[in-house]
Structure formats: structure tokens, C-alpha cells
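Chemist: Any chance you could fold what I've pasted below:
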Amino acid sequence: MIIGLTGGIASGKSTVTDMLRGFGAYVVDADVWARKVVEPKSDGLREIVEVFGSDILEPDGSLSRPKLGQIIFTNREARAKLNAITHPRVRAGMNQETQFYLETHPDEPVIWDVPLLFEGETHKLVDQTIVVYVNPNLQLERLMARNGYSREEAEARISSQMPIDEKKKLATYVIDNSGTLTETREQVRKVWQTIRGQNSKDRGFLS
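Modeler: Just a heads-up that it's a prediction; the model follows:
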């Protein structure tokens with residue numbers, strides 16, 4: 001069984017991921033694969049340069065995420081072009097990693113940590129979903145404090161994703177991360193217990 005884990009920017013998804021790992025979950029991280037598929041000399045990076053130009057590269061030939069971020073966070077069309085290049089490659093990598101893990105752990109659930117789970121096609125490949133939730137006002141405050149963004153910058157990044165309240169409605173499980181770490185950990189423990197207690201089989205993988 002594959003469980004898709006998502007949230008909104010600054011909702012605390014990384015904190016929940018670490019807690020799940022602490023409870024023994026195997027996590028396949030979309031961000032790890034997102035970095036792999038745009039490594040220097042990769043086909044992914046070559047296509048990105050063809051679309052966005054060489055200005056989004058660092059002097060060493062690697063991708064400059066801040067420069068690319070300035071383009072895509074305020075331009076829906078540019079963001080769609082980038083996603084069309086990277087998302088299929090990320091899904092293929094996650095699928096490969098999952099199959100490898102399940103060869104030796106066939107009865108274990110696998111967590112797919114995907115920031116844009118509902119924004120793309122990946123939600124169709126998971127059996128259930130977990131959304132890490134905070135109310136939108138708290139999300140904005142945390143993002144501004146964490147990254148030093150102005151309100152306008154923070155709102156632009158939040159608006160580039162599906163509203164967190166909409167994600168909450170689509171979730172199988174909701175982890176409310178508005179309170180203390182102890183409260184969040186207890187919710188994570190209960191959700192993981194429930195998942196482990198289920199006998200659902202995996203649907204299959206992206207071919």
C-alpha cells in the first residue's frame with residue numbers, strides 16, 4: 001500500500017515525515033528525486049535550459065533554484081512547463097525506489113512524501129493520503145518567519161499551490177500541526193498505527 005503524504009508550504013510536512021520515519025515508516029521523498037532528475041548533464045536539466053534559458057544555471061552548471069523559483073512562482077504557465085519536464089521523471093524514480101523496497105518488504109506500507117501531490121497526477125498512484133494541515137493564517141505567518149519573506153512574497157508562494165483547506169477535504173487522514181510537537185506526534189502515531197493495521201494491497205505502479 002502506498003500512502004501519499006502532503007501539506008502546504010510551511011505546514012510542517014517535513015516534521016511529520018521525520019516522525020513517521022521514527023515510527024519505522026519507509027519514506028520515498030519526491031524532493032530527493034526532484035534534485036536527482038535535474039542534476040548537471042541530466043536530460044531533465046537539459047530540457048529546463050531549453051525552455052527557460054541558461055540564465056537559470058549556476059556558474060558550475062548546476063540548476064539555480066532561487067533563479068528558477070523567481071520565474072515559476074509568479075507565472076502559472078512557466079510553472080506548468082517546468083512540472084511537465086520534472087514530474088514524470090520524479091514519479092518514475094519514486095516508482096523505481098518503491099518497487100526495490102517492496103521486493104524485500106512486500107507487506108509494508110510505503111510513504112510517498114510529495115509536496116504537490118494533489119496538484120499533479122501523483123495522487124492517482126497512491127492508495128490513501130495524509131495531509132499535514134495548519135490554518136492559512138498560521139501558514140502565512142510561519143512562512144514569513146521561516147524564510148524572511150515579505151507578506152507579498154509569502155502569499156505568492158502559497159498561492160502557487162492548491163489551497164491547504166482544499167487539500168484537507170481530499171485527505172484520507174489529516175494531521176493538524178497547529179499545536180505542540182507532542183500533539184502532532186500523537187496524531188502521527190495513531191495514523192501510522194491505523195495504516196499498519198490495514199491489509200490493503202498495492203494498486204500497482206506507473207508503467
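Chemist: Most distant residue from the centre of the protein?
Modeler: residue 59 (28.0 Å; CA atoms, centre = their mean).
Chemist: Kindly provide the distance from that residue to residue 39.
Modeler: Noted for residue 59: a distance of 16 Å to residue 39, by CB to CB, to the nearest Å. (Each C-beta comes from the backbone N, C-alpha and C, glycine too.)
Chemist: cool, residue 143 as well?
Modeler: 28 Å.
Chemist: Those two: which is more packed in?
Modeler: residue 143 (21 against 12; other CB atoms under 10 Å).
Chemist: who touches the more buried one in this structure?
Modeler: Contact analysis of residue 143 by CB atoms under 8 Å, 6 or more residues apart in numbering lists 9-10, 149, 154, 157-158.
Chemist: try 10 Å
Modeler: 8-11, 149, 151, 153-155, 157-158 (CB atoms under 10 Å, 6 or more residues apart in numbering).
Chemist: Among those, which are located in helices?
Modeler: Counting by DSSP state H, these place 151, 153-155, 157-158 in helices.
Chemist: okay, the angle between the longest helix along the chain and helix 151-159?
Modeler: If you go by DSSP H, the chain has its longest helix at helix 76-104. In terms of direction (axes from the mean of the first three to the mean of the last three CA atoms, to 10 degrees), helix 76-104 departs from helix 151-159 by 50 degrees.
Chemist: Only the buried residues of helix 76-104, if you could.
Modeler: Residues 79, 81-83, 85-87, 89-91, 93-95, 97-98, 102 are the ones in helix 76-104 that count as buried (16 or more other CB atoms under 10 Å).
Chemist: Mind picking the two most distant members of the residues you listed?
Modeler: 81 and 102 (33.0 Å; CB to CB).
Chemist: Stretch 57-77 spans what distance, first to last residue?
Modeler: 20 Å (CA to CA, to the nearest Å).
Chemist: For residue 119, the count of nearby residues, please.
Modeler: Around residue 119 there are 17 residues (other CB under 10 Å).
Chemist: Now it. Nearest residue, chain neighbours left out?
Modeler: residue 162 (5.4 Å; CB to CB, 6 or more residues apart in numbering).
Chemist: Wasn't the one you found part of a helix?
Modeler: No - counting by DSSP: H, G, I helix; E, B strand; the rest coil, residue 162 is not found in a helix; it is coil.
Chemist: residues touching residue 140, list them.
Modeler: Residue 140 sits in contact with 8-10, 134, 149, 151, 154-155, 157-158, where contact means CB under 10 Å, 6+ apart.
Chemist: oh, I was asking about residue 101
Modeler: 26, 28, 108, 110.
Chemist: Apply 6 Å and report the result again.
Modeler: residue 26 (CB atoms under 6 Å, 6 or more residues apart in numbering).
Chemist: cool, and residue 132?
Modeler: 7, 11-13, 16, 175, 177.
Chemist: which SS class is it?
Modeler: strand.
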